[in-house]
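**Student:** Predicted model and sequence follow; I will ask about them next.
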Amino acid sequence: MKDHEKKWQEWLKEDYHTSKKLPFSKEENWNQINDKLSKSNQKKKRLLPKKSLLAVAVFVLIIVGSVFANSNQIQAFDWFVNIFVTSDGEMTQINQTTSEETSSSEQALPDFDKITTEEVQEESRNMTFEEAQAETDFNISQPSFLPGTYRLQHVEVVDRHTESYQVLLHYTDDDGEILKLTETYQPNDFASAKVVDNENTKVKTVALDGGEARLIVFDDASKELIWSTPQMNWLLEGTVTEEHLLEIAESIE
């Protein structure tokens, strides 16, 4: 993790300084950084677990003022959500960024000292839905549609720096199958990246409630649906069909 953070900082610093010599836009600088990260991930492919989800191992938060590209997905109340996918044939990287202001290649880059990375320290607690809502400063949403016999078992509240910023709604059915909805509150600018191995997964873009989402299908038939709305990131995962996964997501209130 330390080596990974060091590489991010080196690449960010390199692109930051070279941008003064070349008329690159912020989107081009960001794509250069991701290209270098993709090459690094390709070299490390054999070190990944079979399911190859780096969401657990490499979820690094990058706080970058507003050095991000314009959104082409969701726009509401001047809040821009960017989700873009890059692939080198063996690995696919799904990136998410948000910004409260529009980007412009003419805008000055922020002070490099303001570009930082941090390793997230988290704690989690299980409780009822009502208890979880009382613990958080944001509204917790639930799907109105659940297939079969799925029902809510408990809500997991995740704390970071003493603040509750994420909840995971755990559902199970009579056969013991698990369905999980993760809601992550992101009131500030952020960037995150998830990398999957193309050998064991398929990634595609799907329509969702007037916008777009990214669907990841693993070779064991489990699935993940990723999308964003203003100030909130969503992850829905389970073994239900793609149709049911989308129906659940669209029923969230």
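**Tutor:** Looks like it arrived, so ask away. Residues are numbered from 1 along each chain as shown.
**Student:** Show the end-to-end separation of stretch 171-179, please.
**Tutor:** Taking C-alpha to C-alpha, to the nearest Å, the first and last residues of stretch 171-179 lie 5 Å apart.
**Student:** Would you mind listing where the stretch 51-200 of the chain has pLDDT under the threshold?
**Tutor:** By pLDDT under 70, the weakly predicted segments of the stretch 51-200 of the chain are 51-89, 92-120, 189-194, 196.
**Student:** Which residue ranges of it form strands?
**Tutor:** Remark: strands assigned in the stretch 51-200 of the chain by DSSP state E, counting those that start in this stretch are 61-63, 74-76, 79-87, 91-99, 116-118, 122-127, 151-160, 163-172, 178-185, 190-197.
**Student:** Which parts of the protein are helices?
**Tutor:** Using DSSP state H, the helices found in the chain span residues 2-18, 26-43, 54-57, 129-135, 242-250.
**Student:** so how far is Asp220 from the residue lying closest to Val217 once chain neighbours are set aside?
**Tutor:** Leaving aside its sequence neighbours, Val217 sits nearest to Lys202 (C-beta to C-beta, 6 or more residues apart in numbering; 4.7 Å). To be clear about C-beta, it is placed using only N, CA and C from the backbone, and glycine gets the same treatment. Look at Lys202 and Asp220: by C-beta to C-beta, to the nearest Å, they are 12 Å apart.
**Student:** cool, Met91 as well?
**Tutor:** Remark: distance between Met91 and Asp220 (C-beta to C-beta) = 19 Å.
**Student:** which of the two has more neighbours?
**Tutor:** Higher neighbour count among Met91 and Asp220: Met91, with 24 against 11, using other C-beta atoms under 10 Å.
**Student:** thinking that one is in contact with Val195, fair?
**Tutor:** Yes: contact criterion C-beta atoms under 8 Å: Met91 and Val195 qualify, at 5.7 Å.
**Student:** From His161, how far off is Lys180?
**Tutor:** Lys180 is 24 Å from His161, where distance means C-beta to C-beta.
**Student:** Among those two, which residue is more densely surrounded?
**Tutor:** Higher neighbour count among Lys180 and His161: Lys180, with 15 against 9, using other C-beta under 10 Å.
**Student:** Apart from its neighbours in sequence, what residue is nearest that one?
**Tutor:** Nearest non-adjacent residue to Lys180 (C-beta to C-beta, 6+ apart): Glu237, at 5.2 Å.
**Student:** tell me the contacts of that neighbour?
**Tutor:** Counting by C-beta atoms under 8 Å, 6 or more residues apart in numbering, Glu237 makes contact with Leu179, Lys180, Thr182, Ser222, Lys223, Glu224, Leu225.
**Student:** Show me what it is bridged to.
**Tutor:** Here Glu237 sits in beta bridges with Lys180, Glu224, going by DSSP bridges.
**Student:** Just the pLDDT at it, thanks.
**Tutor:** For Glu237, the model assigns a pLDDT of 97.
**Student:** Would you agree Leu168 is in contact with Leu152?
**Tutor:** No: assessed by C-beta under 8 Å, Leu168 is found out of contact with Leu152, at 11.2 Å.
**Student:** The two: which has the busier surroundings?
**Tutor:** Each of Leu168 and Leu152 has its neighbours counted (other C-beta under 10 Å); Leu168 has more, 19 against 16.
**Student:** Right, I'll leave it there.
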